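S.K.: Need a 3D model of the following:
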Amino acid sequence: MKIWKEQPANQEVEAVIAEYFQLLQNGKLDEATELISSEYDDWLDSLFVVWQDHYLIHEIPKDSSFDGKEWLNDLSWLKDLTIKPEMEWINDKYVWADFIYRDEPSGYVGEFCVKQIDEGYTVKRVIFKMA
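M.R.: Numbers count the residues shown, from 1 in each chain. Below you'll find the predicted structure:
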């Protein structure tokens, strides 16, 4: 988890979020969640919903169920997920990153927040959602 001793600048936070999405694109889920943890215990559920609402409109998998884990066992679909370089800030605490899937805006955002913790400040993933 990235930790700053002082409140980070918006650009520093955006750089960490961009790195997070690069890790996701490369299928490095563990590294991504080590860099930015989730505010809630819904990481796998959130990732599955992203797969459903992005990959499934383009492809027909053998098993589209959560329990089938095709979405988790074959992470190649993540190579098509990126974000717009410009991010939207809300009250200098929350930031939205717009999803792009297969080079098209998808209407989804990743919402992140800057949180103060005992060690300083960090970034947490709040939710992936339709904007």
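S.K.: Residue 116 - how many residues pack around it?
M.R.: For residue 116, the number of neighbouring residues by other CB atoms under 10 Å comes to 10. Every C-beta, even on glycine, is put in place using the N, C-alpha and C of the backbone.
S.K.: Can you report phi and psi for it?
M.R.: For residue 116, the backbone dihedrals (degrees, to the nearest 10) come out as phi -90, psi 130.
S.K.: before we move on, what about residue 59?
M.R.: Taking degrees, to the nearest 10 as the convention, residue 59 sits at phi -130, psi 160.
S.K.: Please report how far it lies from residue 77.
M.R.: Counting by CB to CB, to the nearest Å, the gap from residue 59 to residue 77 is 8 Å.
S.K.: Pull the contacting residues for residue 94.
M.R.: The neighbourhood of residue 94, defined by CB atoms under 8 Å, 6 or more residues apart in numbering, consists of 111, 112, 113, 114, 126.
S.K.: Check the secondary structure at the third one for me.
M.R.: The one in question is residue 113. Secondary structure, DSSP: H, G, I helix; E, B strand; the rest coil: residue 113 is strand.
S.K.: ditto for residue 108
M.R.: Reduced to three states with three-state DSSP, the structure at residue 108 is strand.
S.K.: Any idea how many residues pack against it?
M.R.: For residue 108, the number of neighbouring residues by other CB under 10 Å comes to 21.
S.K.: Tell me what it is bridged to.
M.R.: Legend: beta-bridge partners of residue 108 under DSSP bridges are residue 130.
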